[in-house]
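In: Sequence first, predicted coordinates after that:
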Amino acid sequence: MELETYQITIDRYLTHHGYAVIQDNGHEKLIQLKNLKLVWIESLDSGKYTLEEVTLGRDGNRCENIDASTAITQIQELEGGDDIFYKVWHVDDVLSLSPRLDRDLARLVLTMAVEQHDSNIGINWDVIREYIGQVRKMKSTEII
């Protein structure tokens, strides 16, 4: 019996690990890592890749003409390897507490929570509820 060799691709890796694809132009993708860094990945005709961090519009280290395995290693290093732990908050989390909000307002709740969070408290359900209340008040007073 002959074993089939398994060739990992960047697309397969990104899908398997649930990365957010922000923009997809076929051979070029902008992805958001789980630590919120943005990475531009270009697939070259030779089966190689170019990878560059572009968080906050700043050009980061650029790796050119690298294979999939090296690209995956670079992605993992940009995320901090196995030493980073996090909870990803989703718009649906906000809507589960306040179903009458629309998705744009739920995004605003999360944006406020991220931009104004206290590192000693972090983001938790109570914090989300607080920002839901603030967004509702802003909406009722027609600030937004």
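Out: That came through, no problem. Residues are numbered from 1 along each chain as shown.
In: measure the most centrally placed residue in the chain to Ala20 for me?
Out: Most central in the chain under CA atoms, centre = their mean is Gln32, positioned 3.5 Å from the mean C-alpha point. Using CB to CB, to the nearest Å, we find Gln32 at a distance of 4 Å from Ala20. Where you see a C-beta, it was placed from the backbone N, CA and C, and this is true even at glycine.
In: Low-confidence bits of this structure, can you list those?
Out: For the chain, the stretches with pLDDT under 70 are 1-8, 57-60, 81-87.
In: Can you check which helix is longest in this structure?
Out: helix 125-140 (DSSP state H).
In: which residues sit against that one?
Out: Here helix 125-140 makes contact (CB atoms under 8 Å, 6 or more residues apart in numbering) with 89, 93-94, 97-98, 101, 105, 108-110, 112-113, 117, 121, 144.
In: give the contact list for the residue nearest to the centre of the chain.
Out: So Gln32 contacts Tyr19, Ala20, Ile22, Leu38, Val39 (CB under 8 Å, 6+ apart).
In: could you flag which of these are buried?
Out: With burial judged by 16 or more other CB atoms under 10 Å, the buried subset of the contacts of Gln32 is Tyr19, Leu38, Val39.
In: Filter those residues down to the ones in strands?
Out: When DSSP state E defines the strands, the subset of the buried ones among the contacts of Gln32 inside them is Leu38, Val39.
In: Go through the buried ones among the contacts of Gln32 and name the one nearest Glu53.
Out: Val39 (5.4 Å; CB to CB).
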